[in-house]
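# need a structure here:
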Amino acid sequence: MAIFSSLSRQQKEAVGLLQAGTFLEYFDLMLYVHMAVLLNELFFPKVDPRTASLLSAFTFCTTFALRPVAALLFGWIGDTFGRKPTVIITSLMMALSCIIMATLPPYVQIGITASYLMILCRVLQGFSSIGEIISAKTYLVETFQPPMRYFVTTLVSVSAALGGTFALAIASLFTLKGFDWRIAFWFGMSVAAIGSIARNRLRETPEFIRAKKEAVNKHFDKKTFFAYFFISCGASVCFFIAYVYCGDILKHTFGFTPERVIHNNFFVSLCDLGDTLIIAFCTLIIHPLKITRIKFYAFSIFVFVLPFILFTAKSPSYVLFVQCLIWFVSIENNPSEAIFIKHFPVLKRITSVTFAFALARALVYCITSFGLIYITDILGYFGLWVILLPILIGFYWGLDHFEKLENQKQAQFHTPHPLSTNPNELKLTAIKL
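Numbering: from 1, shown residues only. Predicted coordinates for the structure are as follows:
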């Protein structure tokens, strides 16, 4: 691509390895998430629908509940020994979890032990994924300058979305055609192992080496931490409603089988992938913070009308439309992730960002998974407002905080306003930064 023609060989190699690694990592992670409607029936006891919903919510949350612990562990590794070891270790952990899943006997053979081991695998995957994507983005933030920094960092999310889409394609193929689902996890183990080997070619980032040598360790700003935390809550709730909540509507209202839910979600993932890719290219001509604010306004309108839209959903295709629309108006860290990460001190960067990111996902997924089961029983679809409105308020506050930080930084360099869309001004900003 012409856009990469100005990059050095080392920079191109870093982009390629990190994109490929993130794709492989998220393929493995999302393979179970999207096949959960099928695998939960194999590895957990048969129960009534309400208990089944609670068990499904519990299994889903185990992937994320212990992520804050993983964030502290991998954050310490990344900020002490470097960004490279983190992305290698996480790939190996993902491969291990896939091996266990591919060989684990079902509940009918070994009883509750199968449930415990499956939960353990989900915990391992949650540990692995949280350290991987933030470390990959941090590596690119510390390697590139704006506006290329915004583009390549958002490409990591494109690779993650592509991994999820590919996982859904495999899950849909295997379930609809009756193939052995274990083959998919053997494939996942293979790609994770290949990813960890390939990443040995990465070199440590110059910014980390310089900060380590000079013992640079700036003050940790708690307000910035919480701003990033609230922004990270947005992507989590969008993912849950689009895939899990709407998936339950298809099952319980329209009688979808697990296989049909997986197939339906494949088309949703294509919308997610398309939206992320479009946003990545938009960062080359529009400042990321401006894009994020536009999406915030669009999502605010969507949240207001969402209960009414769901009440009038008379067909599965209507629900599919809602699922796709969620991704096109979703509030998330992209495309401003590179800006957010840059405002954390180098030697505390991965620990701070990863912990805030993990804490946001753990809380949001636990609250939505269990809370919506009871809230929507009482308030119907209007119960979604109980979850979404506080997240909207927190996201707005977090975005406003980072916009102020950017304005202060730009003023120090005497550069144009950070929300400028003028290509010449953006080029001048990149040179000065």
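
# Distance from the chain centre to the helix or strand where residue 156 lies, please.
Taking DSSP states H and E as the criterion, residue 156 maps to helix 148-177. How far helix 148-177 lies from its chain's middle: 11 Å, per Cα atoms, centre = their mean, to the nearest Å.

# Show me what counts as buried in that helix.
148-172, 174-175 (16 or more other Cβ atoms under 10 Å). C-betas here are computed from N, CA, C, even on glycine.

# So for stretch 137-148, what gets flagged as buried?
Buried residues in stretch 137-148 (16+ other Cβ under 10 Å): 137-144, 146-148.

# Redo the residues you listed as JSON lines? Include distance to residue 106, pLDDT and secondary structure.
Putting the buried residues of stretch 137-148 into JSON lines (distance: Cβ to Cβ, whole Å; pLDDT from 0 to 100; DSSP: H, G, I helix; E, B strand; the rest coil) gives the following:
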{"residue": "137", "distance to residue 106": "37", "pLDDT": "88", "secondary structure": "helix"}
{"residue": "138", "distance to residue 106": "39", "pLDDT": "87", "secondary structure": "helix"}
{"residue": "139", "distance to residue 106": "39", "pLDDT": "86", "secondary structure": "helix"}
{"residue": "140", "distance to residue 106": "41", "pLDDT": "88", "secondary structure": "helix"}
{"residue": "141", "distance to residue 106": "43", "pLDDT": "89", "secondary structure": "helix"}
{"residue": "142", "distance to residue 106": "45", "pLDDT": "86", "secondary structure": "coil"}
{"residue": "143", "distance to residue 106": "45", "pLDDT": "85", "secondary structure": "coil"}
{"residue": "144", "distance to residue 106": "47", "pLDDT": "85", "secondary structure": "coil"}
{"residue": "146", "distance to residue 106": "51", "pLDDT": "84", "secondary structure": "coil"}
{"residue": "147", "distance to residue 106": "51", "pLDDT": "82", "secondary structure": "coil"}
{"residue": "148", "distance to residue 106": "48", "pLDDT": "88", "secondary structure": "helix"}
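
# I'd like to know which of these is nearest to residue 299.
residue 137 (22.1 Å; Cβ to Cβ).

# Can you name the residues that contact that closest one?
Listed by Cβ atoms under 8 Å, 6 or more residues apart in numbering, the contact partners of residue 137 are 153, 156, 337-338, 341.

# Okay, it and residue 349: tell me how far apart.
Going from residue 137 to residue 349 by Cβ to Cβ, to the nearest Å gives 10 Å.

# Give the residues shared as contacts by the two.
The contact lists of residue 137 and residue 349 share residue 341, where a contact means Cβ under 8 Å, 6+ apart.

# so residue 174 makes contact with residue 182?
No: Residue 174 lies out of contact with residue 182 (Cβ atoms under 8 Å); the separation is 9.3 Å.

# so residue 254 touches residue 319, yeah?
Yes: Residue 254 lies in contact with residue 319 (Cβ under 8 Å); the separation is 7.4 Å.

# Compute the number of surrounding residues for residue 308.
Look at residue 308: counted by other Cβ atoms under 10 Å, it has 10 neighbours.

# element containing it?
helix 288-311.

# Mind listing what's buried along that helix?
288-293, 295-296, 299-300, 302-303, 306-307, 310.

# What separation do you get for residue 287 and residue 410?
10 Å.

# Over to residue 372?
Counting by Cβ to Cβ, the separation of residue 372 from residue 410 is 41 Å.

# which of the two has more neighbours?
Using other Cβ under 10 Å as the criterion, residue 372 and residue 410 rank with residue 372 on top: 21 against 18.

# Test my guess that the more buried one contacts residue 381.
No: using Cβ under 8 Å as the test, residue 372 is too far from residue 381 to be in contact (10.1 Å).

# Counting neighbours, what do you get for the closest residue to residue 84 other than its chain neighbours?
What sits nearest to residue 84 in space, not counting adjacent residues and going by Cβ to Cβ, 6 or more residues apart in numbering, is residue 202, at 4.9 Å. By other Cβ under 10 Å, the residues close to residue 202 number 21.

# Quick check: the gap between residue 202 and residue 346.
The gap separating residue 202 from residue 346 is 17 Å, by Cβ to Cβ.

# can you check residue 213 too?
Separation of residue 213 from residue 346 (Cβ to Cβ): 11 Å.

# Good, wrapping up.
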